[in-house]
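1. Provided below for reference: sequence and predicted model.
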Amino acid sequence: MIMIKKLIIATIIMLPCFVMAQGDSHPIMLQMRNGKVYFDNTYSLSPTLKKEELFNRASTWLKGAFEGAEKGAVTTDEKKGEVNGTGIFKIITSESGHYFWLRFAVNILVNNATYEIKAYDFYEEPIEPGVSNEYSKIEYRWRDYRQGKPWGPEDKVLFEGMDKNINEMLASLEAVMSK
C-alpha cells in the first residue's frame, strides 16, 4: 500500500514536468523501450476465441491495415501464431502540403483468447522542398523534441499525428480481434 501511494505521488509530481517540457497542456506520450519508440500491448479476449481464428483475423487485418508507397509484405507463421509486416502512415504536417512517411515494423502474436501487438523500428521520411528525402530513425527527433529543441515547426504535428495514428491502429486491430 505504501508503494502505491509513493507511485501515485511520483506520478502527480512528474506529470507537470512533462507538460512543461513540451509546453503543452496535453503532452504527447509515446511508449519506449531502451531509448527507442516501441509499442508493446497485450490484450485478453473472450476465452472462446481460439488461436486459429485470431491468427486469421490478425493476418487479414495486417494485409489491409495500411496504404502507402512502401506497404510491405505480410509474413505469417501459423504454427507460432505470428504475423509480421510493415506499417506506414502518411502524416500531413502543414497547410502547404508537407508531410512525413512514418514506417515501422509490426508483429502480432496470437494465442487462445489473447494477442500481443508490437510496433517498433520507427523511421520517418520528410516530404518537403529542401529536405533530404531519406528515412531516418525517429528517436533522435523525438529526443530533441522532448528536450524542448524541435528540429522544425512541424515536429509537434508529426508527433501528435504519430500518437493519433498508433492509437487508431491499436483500436482498429482490437475491434477486429474482439468481434
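-> Received the coordinates, thanks.

2. In the protein, what helix or strand scores lowest on average pLDDT?
-> One helix or strand of the chain scores below all others by mean pLDDT, DSSP states H and E: helix 2-22, with a mean of 44.

3. And the next helix or strand past that one?
-> Next helix or strand after helix 2-22 toward the C-terminus (DSSP states H and E): strand 32-33.

4. Give me the mean pLDDT for the helix or strand just after that next one.
-> Scanning forward in sequence from strand 32-33 by DSSP H and E, the next helix or strand is strand 36-37. Strand 36-37 shows an average pLDDT of 94 in the prediction.

5. May I have the strands that pair with strand 36-37, each with its orientation?
-> For strand 36-37, sheet partners with direction are given as strand 32-33 (antiparallel), following DSSP bridges.

6. Give me the distance between the strand it pairs with and the centre of its chain.
-> Relative to its parent chain, strand 32-33 has a centroid offset of 11 Å by C-alpha atoms, centre = their mean, to the nearest Å.

7. Other residues contacting it?
-> 38, 40, 120 (C-beta atoms under 8 Å, 6 or more residues apart in numbering). Glycine gets a C-beta too; all of them are placed from N, C-alpha and C.

8. and residue 63, what pLDDT?
-> Looking at residue 63, its pLDDT reads 91.

9. tally of neighbours for it?
-> Residue 63 has 14 neighbours, counted by other C-beta atoms under 10 Å.

10. among the contacts of strand 32-33, who's most crowded?
-> Result: residue 38 is most packed of the contacts of strand 32-33 (other C-beta under 10 Å), 17 neighbours.

11. OK, contacts around it?
-> Contacts of residue 38 (C-beta under 8 Å, 6+ apart): 31-32, 118-120.

12. Please identify the buried residues of stretch 103-120?
-> Neighbour-count burial for stretch 103-120, counted by 16 or more other C-beta atoms under 10 Å, picks out 103-104, 106, 108-110, 114-115, 117-119.
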